[in-house]
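**Q** Fold the stuff below for me.
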Amino acid sequence: MIKYTETETRYLIDYANLKQGLIKNQSNFLSKKKFNDFLRKNYLGFPLVLPMGIKYFNYNKSVKKFTISRSEARKYIFRCKSNSYIGMKIFFLYGNRFCSGATIKKKYKKDLNSIINFNEKLKLSIKKNKKKYKTASFQTRNIPHLGHELIIQKLMGLNKMLIINPLIGIKKKGDIKNDILKKAFRYLMNIKKYKNKILYEPVICNMNYAGPREALHHTYIRELLGFDEFSIGRDHAGAENNYPPLEAINFLKKNKKRFKINIFFHKGAYYCSKCKKIILKEDCNHKNLDNISGSQFRKKLENKKIFLHARKSLQRYINKLKINLFN
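**A** Modelled structure (predicted):
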């Protein structure tokens, strides 16, 4: 059984994604030369590399070892000022020595295939639904508030099947647990307006918290899975306020010729006191909009208090669960 709390499992997941063909511009862990290409060409996406000493792999004499400097990673990959940024800490958790050419250990091939098979079922579901509908992917790390619900409703549109499509690889401490996300969206799926219009089907991939670069990485993955549309929002794949809120959106718009999948862009959800409803930014021309904050919602959930801008029945359901909500 794969444990998504074991940090080394990240590299088994990456390897499965690479072998399955879900990663654009690389089919194996990068060599130093190819990694250098990724550094300067941010449109290639997020670079997947393998540290030395990961238990799932054989490191024989033919592997090519190399180092990655933290300063280069800060400047070109994460575009952050400090080595303490969560993306940097994850990337260098096992040091700065990496390699290409390692092979999977025989005893872990069953685990590798279980990841591939899980994601293959998602691909088959997308293909099946595409016979009748256009398929849209909504990626999330959060229990949905009413802003998320508005995005979901807009994504549903006409003649579409919306797939709630979170990443269920290794995530950072403080993110909502995978099983809690599942329960929350399964609850939503039973509400009349969503019934038979949305599915909950995750993909096993990792979060790297690389902001705009990773937004493109996620877009490529959805395109290769077979989706017709993907949602990119405010501060996509960012953390700790490391990136300007609209940087991922602007980066994807700049690089839109590099992918075929359609992107639904949104600049965040707000409550408009004049319209007296939840809106997405630019849905109205009024000022003094109240930001619907996911972090505020998480704090309310943590303290079992009701958040004004989330479905109350869903919150009561979540609050009754006698398990920790967060990683």
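**Q** from here on, contacts and neighbour counts on C-alpha atoms
**A** Noted.
**Q** Could you double-check that M189 sits in contact with E201?
**A** No: counting by Cα atoms under 8 Å, M189 does not reach E201; the two are 12.0 Å apart.
**Q** Just say helix, strand or coil for K182.
**A** For K182, the secondary structure call by DSSP: H, G, I helix; E, B strand; the rest coil comes out as helix.
**Q** Tell me, how many residues neighbour I279?
**A** 22 (other Cα atoms under 10 Å).
**Q** Mind jotting down where the strands sit in the stretch 1-150 of the chain?
**A** For the stretch 1-150 of the chain, the strands defined by DSSP state E, counting those that start in this stretch cover 50-51, 57-58, 64-67, 97-100, 103-104, 134-138.
**Q** in the protein, which spans are helices?
**A** Assigned by DSSP state H, the chain shows helices spanning 9-20, 32-40, 70-72, 86-91, 109-129, 146-156, 178-189, 211-225, 247-254, 294-302, 312-320.
**Q** Would you mind finding the most buried of the ones you listed?
**A** Of all the helices of the chain, helix 211-225 has the most neighbours on average by mean count of other Cα atoms under 10 Å, namely a mean of 24.
**Q** So which other helices or strands are in contact with that one?
**A** Contacts defined by 3 or more Cα pairs under 8 Å, 6 or more residues apart in numbering; DSSP states H and E place helix 211-225 against helix 109-129, strand 229-232, helix 247-254.
**Q** what about N60, distance to I104?
**A** Here N60 is placed at a distance of 11 Å from I104 (Cα to Cα, to the nearest Å).
**Q** And for S125?
**A** S125 is 28 Å from I104, by Cα to Cα.
**Q** which stretch among the helices of the chain comes nearest K287?
**A** helix 146-156 (17.5 Å; Cα to Cα).
**Q** Run through the neighbouring helices and strands of that closest one.
**A** Secondary-structure packing of helix 146-156 (3+ Cα pairs under 8 Å, 6+ apart): strand 134-138, strand 160-164, strand 269-272, strand 277-280.
**Q** Touching the second one from outside, list them.
**A** With contacts defined as Cα atoms under 8 Å, 6 or more residues apart in numbering, strand 160-164 is touched by 129, 133-140, 152, 155-156, 185, 197-202.
**Q** Then the first one?
**A** Residues outside strand 134-138 that contact it (Cα under 8 Å, 6+ apart): 126, 129, 152, 155-156, 159-166, 222, 227-231.
**Q** same thing but 10 Å
**A** Residues outside strand 134-138 that contact it (Cα atoms under 10 Å, 6 or more residues apart in numbering): 125-129, 148, 151-152, 155-166, 198-202, 219, 222-223, 226-232, 261-264.
**Q** Would you check that I278 makes contact with L308?
**A** No: assessed by Cα atoms under 10 Å, I278 is found out of contact with L308, at 11.3 Å.
**Q** Could you pull out the residues contacting both of these two?
**A** L146, I292.
**Q** For Q296, see how far away C272 is.
**A** Here the criterion is Cα to Cα. By it, C272 lies 18 Å from Q296.
**Q** got the CA coordinates for the helix-or-strand element of the chain with minimal mean pLDDT in PDB?
**A** Least confident helix or strand, the chain: helix 294-302 with a mean of 91, by mean pLDDT, DSSP states H and E. In PDB, the C-alpha atoms belonging to helix 294-302 read as follows (Å, rounded to 0.1, in the frame of the first residue of the first chain):
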ATOM      1  CA  GLY A 294      -9.600  30.300   1.400                       C
ATOM      2  CA  SER A 295      -7.200  30.800   4.300                       C
ATOM      3  CA  GLN A 296      -9.900  32.400   6.400                       C
ATOM      4  CA  PHE A 297     -12.200  29.500   5.600                       C
ATOM      5  CA  ARG A 298      -9.600  27.000   6.700                       C
ATOM      6  CA  LYS A 299      -9.200  28.800  10.000                       C
ATOM      7  CA  LYS A 300     -12.900  28.600  10.500                       C
ATOM      8  CA  LEU A 301     -12.900  24.900   9.700                       C
ATOM      9  CA  GLU A 302     -10.000  24.300  12.100                       C
END
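**Q** who does that helix touch, helix- and strand-wise?
**A** If you count contacts as 3 or more Cα pairs under 10 Å, 6 or more residues apart in numbering; DSSP states H and E, helix 294-302 packs onto helix 312-320.
**Q** where's the helix it packs on relative to the chain centroid, distance-wise?
**A** Centre-to-centre, helix 312-320 and its host chain are 25 Å apart (Cα atoms, centre = their mean, to the nearest Å).
**Q** Over to stretch 303-315?
**A** Distance, stretch centre to chain centre, for stretch 303-315: 24 Å (Cα atoms, centre = their mean).
**Q** which residues touch that stretch?
**A** Contacts of stretch 303-315 (Cα under 10 Å, 6+ apart): 143-149, 183-185, 187-188, 270-271, 277-278, 291-294, 296-301, 316, 318-320.
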